[in-house]
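# From the sequence below, what's the structure:
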Amino acid sequence: MITNYLPIGIFDSGVGGLSVLREIRVQMPSESVLYFADQAHVPYGHRELEEVREFSEEIARFLLDQGVKLIVVACNTASAAALHHLRQTFPRMSFVGMEPAVKPAAEFTHTGVVAVLATPATFQGALYASVVERFGSRVTILQDNCPGLVGKIEKGELDSPATRKILEKALHPMLVQGIDTVVMGCTHYPFVIPLIRQIVGPKVRVIDPAPAVVRQIGRLMDTSGLRNISSGFGTLSFFTSGEARRFESQLPVLFGETGQVQQIAWLSNKIRYQDASNSPFVP
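Residues are numbered from 1 along each chain as shown. Below you'll find the predicted structure:
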């Protein structure tokens with residue numbers, strides 16, 4: 001089988017991973033992608049790491065059954081909870097995860113004070129602790145989990161007064177303490193970067209990790225001979241465990257493209273397709 005024409009699999013708790021997908025369309029537009037949004041369980045950030053690990057393993061199995069060539073864990077919380085576990089469970093599959101961009105933030109900062117916005121589960125994970133230990137020892141890192149922000153973004157409220165209030169509550173005290181860099185530690189958060197820039201002003205750098213993550217995807221595929229070098233645009237397939245119509249309506253707003261969304265569902269902790277009437281479940 002010619003594997004370089006197979007799709008890349010991406011999953012997230014919801015729409016956040018679209019921030020990674022849109023960068024894939026910029027850097028490697030010929031790649032086909034299967035995107036899975038686990039909106040039945042969004043947000044992941046307040047859940048126990050073990051629960052997120054179980055969700056992630058089942059989603060990875062689903063994507064493997066669809067014949068993907070590589071899986072992107074486009075969710076900081078799922079990466080923190082499950083990336084190591086997934087690599088051990090599926091040793092023949094390559095996984096690329098997310099980690100807060102503390103390293104470039106530490107290299108860039110002039111004030112020595114860096115802000116990281118992420119979910120509680122990301123902050124609690126060993127992956128984040130490792131990144132801070134390796135790259136953050138010489139800077140002051142201020143953290144905030146921006147409670148409720150993922151929910152606002154899932155609803156498409158990218159610049160509402162309520163969304164602004166959440167961000168101002170997080171960022172204003174950090175500005176007083178001298179931050180000059182803000183790291184997006186959740187894939188949902190890049191969608192509110194324009195609003196963040198309004199709040200922090202032009203002298204504060206805001207880091208979206210998606211471009212660096214996609215470059216890593218490209219390097220990994222080049223090493224493995226998996227890159228699709230054909231011209232043209234790859235196909236996109238979307239799955240959600242939430243409401244398909246709602247997800248379809250979010251695509252042009254957040255991603256800039258439209259696409260057909262297939263609805264799936266969880267049954268006894270397993271993923272199942274649903275037929276056109278959404279019932280019964282089809283194994």
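# going forward, measure contacts between C-alpha atoms and count neighbours the same way
OK.
# what's the helix or strand hosting I166 packed up against?
Using DSSP states H and E, I166 sits within helix 161-176. Packing partners of helix 161-176 (3 or more Cα pairs under 8 Å, 6 or more residues apart in numbering; DSSP states H and E): helix 149-154, helix 193-200.
# any idea of the mean pLDDT for it?
Average pLDDT, helix 161-176: 98.
# how much does that helix deviate in direction from helix 193-200?
50 degrees (axes from the mean of the first three to the mean of the last three Cα atoms, to 10 degrees).
# which parts of helix 161-176 are buried?
Neighbour counts over helix 161-176 (16 or more other Cα atoms under 10 Å) mark T163, R164, I166, L167, E168, A170, L171, M174, L175 as buried.
# Tell me the one of those nearest I199?
Set against I199, the nearest of these by Cα to Cα is E168 (6.8 Å).
# From K155, how far off is the residue lying closest to that closest one once chain neighbours are set aside?
Using Cα to Cα, 6 or more residues apart in numbering and skipping the chain neighbours, the partner closest in space to E168 is I199 (6.8 Å). Counting by Cα to Cα, to the nearest Å, the gap from I199 to K155 is 21 Å.
# Same check on G67?
Taking Cα to Cα, one finds G67 at 31 Å from K155.
# Stretch 197-204: end-to-end distance?
Note: stretch 197-204 ends 8 Å apart using Cα to Cα.
# Give me the buried positions along it.
Here stretch 197-204 shows I199, V200, V204 as buried, counting by 16+ other Cα under 10 Å.
# hmm, back to that, highest mean neighbour count out of the helices and strands packed on helix 161-176?
helix 149-154 (a mean of 21; mean count of other Cα atoms under 10 Å).
# Contacts for that helix, please.
G14, V15, P43, L158, T163, I166, H188, Y189, F191, V192 (Cα atoms under 8 Å, 6 or more residues apart in numbering).
# Can you report the mean pLDDT over the residues of it?
96.
# Next: stretch 239-250.
In this model, stretch 239-250 has a mean pLDDT of 96.
# Check the offset of it from the chain's centre.
17 Å (Cα atoms, centre = their mean, to the nearest Å).
# got the CA positions of that stretch in PDB?
C-alpha atoms of stretch 239-250 as PDB (Å, rounded to 0.1, in the frame of the first residue of the first chain):
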ATOM      1  CA  PHE A 239     -16.500  13.500  12.900                       C
ATOM      2  CA  THR A 240     -18.100  14.800  16.000                       C
ATOM      3  CA  SER A 241     -19.600  13.100  19.000                       C
ATOM      4  CA  GLY A 242     -21.700  16.200  19.500                       C
ATOM      5  CA  GLU A 243     -24.300  17.800  17.100                       C
ATOM      6  CA  ALA A 244     -23.200  17.500  13.500                       C
ATOM      7  CA  ARG A 245     -25.100  20.500  12.300                       C
ATOM      8  CA  ARG A 246     -23.600  22.700  15.000                       C
ATOM      9  CA  PHE A 247     -20.100  21.600  14.100                       C
ATOM     10  CA  GLU A 248     -20.700  22.300  10.400                       C
ATOM     11  CA  SER A 249     -21.800  25.800  11.300                       C
ATOM     12  CA  GLN A 250     -18.600  26.400  13.300                       C
END
